[in-house]
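Trainee: Below: sequence and its predicted model.
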Number of protein chains: 2
Amino acid sequence: MEKPQTRIQQRNQAAILSAGLNIFSQYGFRGSTLDQIAEAAGLSKPNLLYYFPSKEAVHSALLARLLDTWLDPLKALDATGDPITEIMGYAQRKLALSRDYPRESRLFANEVLQGAPHIAEVLATDLKNLVDEKAKIIRAWSEAGKVADVDPHHLIFSIWAMTQHYADFDVQVRAVLGDREPYDGAAVFLDAMYRRLLQP
Amino acid sequence: MEKPQTRIQQRNQAAILSAGLNIFSQYGFRGSTLDQIAEAAGLSKPNLLYYFPSKEAVHSALLARLLDTWLDPLKALDATGDPITEIMGYAQRKLALSRDYPRESRLFANEVLQGAPHIAEVLATDLKNLVDEKAKIIRAWSEAGKVADVDPHHLIFSIWAMTQHYADFDVQVRAVLGDREPYDGAAVFLDAMYRRLLQP
DNA sequence: CGTTGGTTTGACCAGTTGGTCAAATCAAGA
DNA sequence: TCTTGATTTGACCAACTGGTCAAACCAACG
C-alpha cells in the first residue's frame, strides 16, 4: 500500500512540515496562511497543495507526528523503577522536551487553547488511558508509603503545567528574568520542588 | 478631557467588550472576525466600528483591562504578613482567578503564546518590576529562615503555570479527569505542594 | 532521442474580511 | 413640536484567503 517516495517528495514534504511547524506554532491555525507556509518552505502555493491536499492536512500531519513525541516521556515511567527517581525523571524529560522542542509545545498549546478541535478524541481516549494507567502506578507507590500521598492526576498536571510553561510563555519568562537563562534555574527548581513534594 | 458617556454608549461598549472577550479568548486574535463579535454583541458590524475604530482597538481595550486584574493578586502579597500564609494565599487567589475568569486567562495565554506583540512592553517593565519587588521580599524571607531556600522567580513562575494550566488547558484537564471537578482537587493539591515546598 | 509520469507554475476563482460612507433613524433638550 | 447631534444601517470596496486547473516543465528510463 505504501507508495515508494521519490527523493523530491521526501525533501518537499519535510520542508513543508518544517515550515508549517514554524508558522502554525507562531500564529495558530487560523492566523497562518498557506502563502506564508509555502514561502517559508521555498515553494509556490499550488506546489505545496500538490503535496498536501489542504491547509488542514498539513496541520493534522504535524499534530499526529507531535502526539507520539509528546506522550513518550510519560510512557517511559516504569512501575518497577524507584518511585521518586521515576517521577522526577519524567519531569526532567518533559522539561527537556520544552527546551528542545518549543515550537511543538506551542503548536500543542494553541490547539488545546482553542478547545482541541482536532485532537479532542485522542485526549479523551489515548491520553486519558495512559494517564489513568500511570496514575494507578503512582497511587500504588503512595499506598506502599514510597511517595507522599498526593492526587496522581494533579501531580501529572503539575508536571505538564510547569514544564510547558517555559516553552509556551517563553516571552513572558524571559521578559521577567532579564538576561538570565530560564532552563537552568527551572531544572534546579523542579528538582527541589518534586523532591520535597514526593518525600513520604 | 473625559467625555460624558451616554447610557447607550456605556451599554454598547460593554456589550462589545463582553462579546470580544468571548470570541477572542476562544479563537485568538486572527481567528476572530468582526462579524462574529458584532453578532455576539447584538450589533451590526458598522455599528461596532462606530464605537471602536478597529478590531485591534477592541482587543487592546480588553488586554488593558485584563492586565490590572491579572496583577492584583501578586500586588497583594504583603511583606509584613506571615510568609507561608502570604505565598499560599497568592497561589489560591490566582487559582480562583483561573476558575472565575477562564476567558481572561485564555485571552492572555493567546497573546503571550504568539509572542506578546501587544504587551511585550508592559511585561518587560511593569510586570518585571512587580515580580522583582516581590521576589526580593521572598528572598528576604528565605534568608531569615522563614521559608525554604528556593529561587523566588521560579517559585512565582510555578504558581502562574499551575494555576493558569487549569484555565488554559481546560479541555485537556477535563478529558483526562472524566467527570471529576478539576478545581476541587487542584486547590487541595496546590495547598499540599506549596506547604511542603516552602517549609523551611 | 522520445516518451512517460512526476513536478511546477501562472492565472484564476469564489468566499471572506476589515473597514468606509452616505443616508436614514432615533433620542432628547429647547 | 422642532432641531440637533448621536446612533444605526445597507451597500459597497479592496485586499486577502484557500483552493483549482490547464498548461508547461523536467527527470529518468527504455
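Mentor: All right, it came through fine.

Trainee: for residue A:9, what are its contacts?
Mentor: Applying CB atoms under 8 Å, 6 or more residues apart in numbering or on different chains to residue A:9 gives the contacts residue A:51. From N, CA and C alone the C-beta is placed, and that goes for glycine too.

Trainee: In this structure residue A:190 contacts residue A:93, no?
Mentor: No: with contacts counted by CB atoms under 8 Å, residue A:190 stays clear of residue A:93, the gap being 11.1 Å.

Trainee: These two - which one has more neighbours?
Mentor: Shown here are residue A:190 and residue A:93; by other CB atoms under 10 Å in any protein chain shown, residue A:190 has more neighbours (22 against 16).

Trainee: Now the more buried one: which helix or strand?
Mentor: Using DSSP states H and E, residue A:190 falls within helix A:182-198.

Trainee: Tell me the gap between that helix and the middle of its chain.
Mentor: Here helix A:182-198 is found 19 Å from its chain centre; the criterion is CA atoms, centre = their mean, to the nearest Å.

Trainee: buried ones in that helix?
Mentor: Buried residues in helix A:182-198, counted by 16 or more other CB atoms under 10 Å in any protein chain shown: A:182, A:185, A:186, A:187, A:189, A:190, A:192, A:193, A:194, A:196, A:197, A:198.

Trainee: Can you tell me what sits against that helix?
Mentor: For helix A:182-198, contacts defined as CB under 8 Å, 6+ apart pick out A:83-84, A:87-88, A:91-92, A:95, A:99, A:147-148, A:150, A:155, A:159, A:162-163, A:166, A:170, A:173-174, A:177, B:148, B:150-151, B:153-155, B:157-158, B:192-193, B:196-197, B:199.

Trainee: So which of these belong to helices?
Mentor: Judged by DSSP state H, the subset of those located in helices is A:83-84, A:87-88, A:91-92, A:95, A:99, A:155, A:159, A:162-163, A:166, A:170, A:173-174, A:177, B:153-155, B:157-158, B:192-193, B:196-197.

Trainee: about what we covered before: which of the buried residues of helix A:182-198 lies closest to residue A:141?
Mentor: Lowest distance from residue A:141 to the buried residues of helix A:182-198 (CB to CB) belongs to residue A:198, with 9.0 Å.

Trainee: What's the local residue count around the residue nearest to the closest one when sequence neighbours are not counted?
Mentor: Leaving aside its chain neighbours, residue A:198 sits nearest to residue A:147 (4.6 Å; criterion: CB to CB, 6 or more residues apart in numbering or on different chains). Residues near residue A:147, counting by other CB under 10 Å, number 23.

Trainee: Now do the contacts for residue A:147.
Mentor: Residues near residue A:147 by CB under 8 Å, 6+ apart: A:83, A:84, A:87, A:138, A:141, A:198, A:199, A:200.
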